[in-house]
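In: Coordinates for the following, if possible.
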Amino acid sequence: MMNTFVVYVENKPGVLNRVASLFRRRGFNIESLTVGHTEKSGVSRMTIVVDTDEAGTYRVETNLYKLVNVISVENITSAPSVCRELAMIKVAATGDTRTQLLQVASVFRARVVDVAPTSLVIEITGTEEKIDGLLEVLRHYGVIEMVRTGRVGMSRGSNGGAAVAAPPTMDTEDGMVAFSV
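Out: Got it, this is the predicted structure:
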């Protein structure tokens, strides 16, 4: 199952390397990783998507808290959240197909951000499924180049931010393992 973690870290050199190395050492493949500044000076926000089960989710979260520069970790996979991705797609465009491509972009609520004599660059923001749908339609016209940002996510409502959160604990009852966050 794909799990989305929002990780607040100190904005210092080497932090990204330490986080990525943690995943490598534990044998997890990062499906998507985006990093950017936050509303708080000196704090960066990472959105990390990892394919793992419930036990792996617990291990990822507890191991992230062991890193010195990690401020807080939140698994927003099951929480009410908004997740988006950005893509720019360069498509071959002739005089005959340019109008069709503009219509396709309009249907997907994408926009053309660059026009050249033989191509268009289309920008789209949305869910991964929406971007995949546009990409599938554009393949017919000839995709020249594409770049995707990876998932960014945010919890719905007024909670959230770089508040210091306690690491998850593991409780055992009757031989069963239960995780609490």
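
In: CA only for contacts and neighbour counts going forward, please
Out: Will do.

In: Look up the pLDDT of Pro167 for me, please.
Out: Here, the pLDDT recorded for Pro167 equals 49.

In: Repeat that for Met1.
Out: Reading off the model, Met1 has pLDDT 88.

In: and it, what is it in contact with?
Out: Contact analysis of Met1 by C-alpha atoms under 8 Å, 6 or more residues apart in numbering lists Asp51, Thr52, Asp53.

In: which of those residues lies closest to Lys90?
Out: Asp51 (29.1 Å; C-alpha to C-alpha).

In: Please verify my assumption that that closest one contacts Asn3.
Out: Yes. Using C-alpha atoms under 8 Å, Asp51 makes contact with Asn3 at a distance of 6.1 Å.

In: Which residue ranges make up each domain of the chain?
Out: Domain ranges of the chain: 2-79, 82-152, per automatic domain parsing.

In: Adding distance to Ser158 and mean neighbour count as columns, could you present these in a markdown table?
Out: Shown next, in a markdown table, are those (distance: least, C-alpha to C-alpha, whole Å; neighbours: other C-alpha atoms under 10 Å):
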| stretch | distance to Ser158 | mean neighbour count |
| --- | --- | --- |
| domain 2-79 | 13 | 16 |
| domain 82-152 | 13 | 16 |
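
In: quick one, helices of this structure?
Out: 15-26, 54-66, 98-107, 128-139 (DSSP state H).
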